[in-house]
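Participant: Provide a 3D model corresponding to the input given below.
(one chain, ligands or ions: 1)
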Amino acid sequence: MASDDRKFFGHPIGLSTLFFTEMWERFSYYGMRGFLILFMGAPLAAGGMGLDNVTATAIYGTYTAMVYLMSVPGGWLADRVFGQRKSVLYGGILIALGHFTLAVPAAASFYFGLIFIVLGTGLLKPNISVIVGQLYSAEDARRDSAFSIFYMGINLGGFLGPLVTGYLAQQESFRNLIVGWGLDPNSTWHFAFGAAGVGMTLGLIQYVLGAKKLGTAGMEAGGATTPALAAKYKKQATIWLGAALAVIVILAVAAMSGMLTITPTGVRDWTGYSLLVITVLFFATLFMDKSWTTAERARLVVIFVFFACASVFWSVFEQAGSTLNLFADRSTANTLLGFNFPSSWFQSLNSLFIVIFAPVLGWVWLKWGKRQPSAPTKFGAGLVGVGLGFMLLVIPAKVAATPGVLVSPMWLTGVYLIHTIAELLISPVGLSSMTRLAPRKIVGAMMGIWFLGASVGNFLAGRMAGLYESLPLETLFWRVSLLPIAAGAVMFVFSKRFTKMMGGAS
Ligand code: GLN
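Facilitator: Model prediction:
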């Protein structure tokens, strides 16, 4: 790839292909996620699944946790077997297939659709970012700015997705329109699932047509350096995939024959145990390695602390699609200047605010230069911020406890604004300092650790959202805010110490 290529905002033209592919993928992910919990909770008579809140949040939490967890094997497969380019293609196809499967109104298609999206996102999401990096040489100063542009693509998709799907799924005027076409008004949900599929398909077409702009980036499985290694990895992958498939088939047969009862809450619990085991095993193996120097060991402790912070952060932040979505749907007056909008449109606010504030924060860090707060302090502020965001909802939750009373949409807008600033203090800062902290031989695993943190966070978010109907909302909201605020306070107290342990990698 010609390093002097500057055709896309001063960047290699291949970045535009990746930008739009990821934009459409996030369009489909956030678009579908925006109304998923509402669809599961809606009564059968309204075209929904009629699930109770505990079941719906169990499915939601498991689904979102698995999406991020699958990034770990997805990254492995790309690096050692498929290469990133093919992985993104296969992933995109699976995702589109998943959304179209969800568009078919049947219970079985619902679960299969979710599984396809989980597998597809695992293949696409981590690997498309790796290709972004491969467009540049190691010393190219444009790398950081490339990722900022790419993050804009993510959030452009995250902004547009819920607007489109929310309109299709929930808006009265669309319902009337399809009644006019002679269709069942309750099928609006499935139009929305279909729209997510159309989005991903457009992304795929664009990816295939724009492939030549990427040159050779991501074409090879970089980890398979010799033909012998390539053969070994291929064999390992086949064994693992075969074993996974066998387990799935055995479970399906056992469930269908009545020998085993698979419930959403049971699957959720197993997901939780697995996440715990994976995390413990991972860090235990890391710390038991005797070859680390004292300095490296200190850095590993900080990596663990950042991982724990990220998990706590996402456990609160990722309740956007569940707890906050339910609050928007049930307790908020969704009108602006006389216009009634669908409750899931709130899901677009985070991305909108990212597009506005990411450049502002980037500018502030640049201006402060060396005087800017350390990474541990930024983490502390992000954690306290996400907690305070939830705390803000205690007041409207009290007001909305009176039946029939709806609160102003400004409350949730405020929460999403605070949460976005908090995200900007954690997400980009975390990923870049973790990569810099990692001793050389585990740099490749860092993306995996980061996604594992997101997975644990999404899982915990689902568990907390499961309390939506069993606790008074004001109690739920202040309790949710306690853990991140406490964790943030710990980060402030120890920030100097952690910064020292980072040994110049802050
Ligand atoms: N919103 C970002 C994205 O979708 C980050 C999400 C995360 O890491 N949990 O890419």
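
Participant: Kindly provide the distance from the residue in the stretch 401-506 of the chain that the ligand sits nearest to to Phe27.
Facilitator: Nearest residue of the stretch 401-506 of the chain to the ligand, counting by C-beta to the nearest ligand atom: Ala454, 3.9 Å away. All C-beta atoms are positioned from the backbone trio N, CA, C, and that covers glycine. Counting by C-beta to C-beta, to the nearest Å, the gap from Ala454 to Phe27 is 19 Å.

Participant: These two: which is more packed in?
Facilitator: Phe27 (28 against 23; other C-beta atoms under 10 Å).

Participant: Quick one: residues contacting the more buried one.
Facilitator: By C-beta atoms under 8 Å, 6 or more residues apart in numbering, the residues touching Phe27 are Gly157, Gly158, Leu160, Gly161, Val164, Ala196, Gly199, Met200, Gly203.

Participant: Could you do Phe35 as well?
Facilitator: Listed by C-beta under 8 Å, 6+ apart, the contact partners of Phe35 are Pro162, Thr165, Gly166, Ala169, Gln170, Trp189, Ala192, Ser344.

Participant: and with 10 Å instead?
Facilitator: By C-beta atoms under 10 Å, 6 or more residues apart in numbering, the contact set of Phe35 is 42, 48, 162, 165-166, 168-170, 188-189, 192-193, 196, 321, 325, 329, 342-344, 347.

Participant: Return the subset of the residues you listed lying in helices.
Facilitator: Per DSSP state H, helices hold the following members of these: 162, 165-166, 168-170, 188-189, 192-193, 196, 325, 329.

Participant: Do I have it right that Val81 meets Asn127?
Facilitator: No: using C-beta atoms under 10 Å, Val81 is not in contact with Asn127, being 11.7 Å away.

Participant: which parts of the stretch 101-250 of the chain sit against the ligand?
Facilitator: Ile154 (C-beta under 6 Å from any ligand atom).

Participant: what number of residues lie near whichever residue of the stretch 101-250 of the chain sits closest to the ligand?
Facilitator: Going by C-beta to the nearest ligand atom, the ligand is nearest to Ile154 of the stretch 101-250 of the chain, at 4.6 Å. By other C-beta under 10 Å, 23 other residues sit near Ile154.

Participant: Is it part of a helix or strand, or is it coil?
Facilitator: The local conformation at Ile154, judged by DSSP: H, G, I helix; E, B strand; the rest coil, is helix.

Participant: in the protein, which spans are strands?
Facilitator: Secondary structure of the chain (DSSP state E): strands at 335-336, 339-340.

Participant: mind putting those strands in a markdown table, distance to the ligand, mean pLDDT and mean neighbour count included?
Facilitator: Shown next, in a markdown table, are the strands of the chain (distance: least, C-beta to the nearest ligand atom, whole Å; pLDDT from 0 to 100; neighbours: other C-beta atoms under 10 Å):
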| stretch | distance to the ligand | mean pLDDT | mean neighbour count |
| --- | --- | --- | --- |
| strand 335-336 | 24 | 91 | 12 |
| strand 339-340 | 27 | 90 | 9 |
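
Participant: Any chance of those in TSV with distance to Ile37 as columns?
Facilitator: As requested, the strands of the chain are arranged in TSV below (distance: least, C-beta to C-beta, whole Å):
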stretch	distance to Ile37
strand 335-336	22
strand 339-340	20
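
Participant: one step back: leaving aside the residues adjacent along the chain, what's closest to the residue of the stretch 101-250 of the chain closest to the ligand?
Facilitator: Distance criterion C-beta to C-beta, 6 or more residues apart in numbering; nearest residue to Ile154, sequence neighbours excluded, is Arg26 at 5.0 Å.

Participant: Alright, I will stop here.
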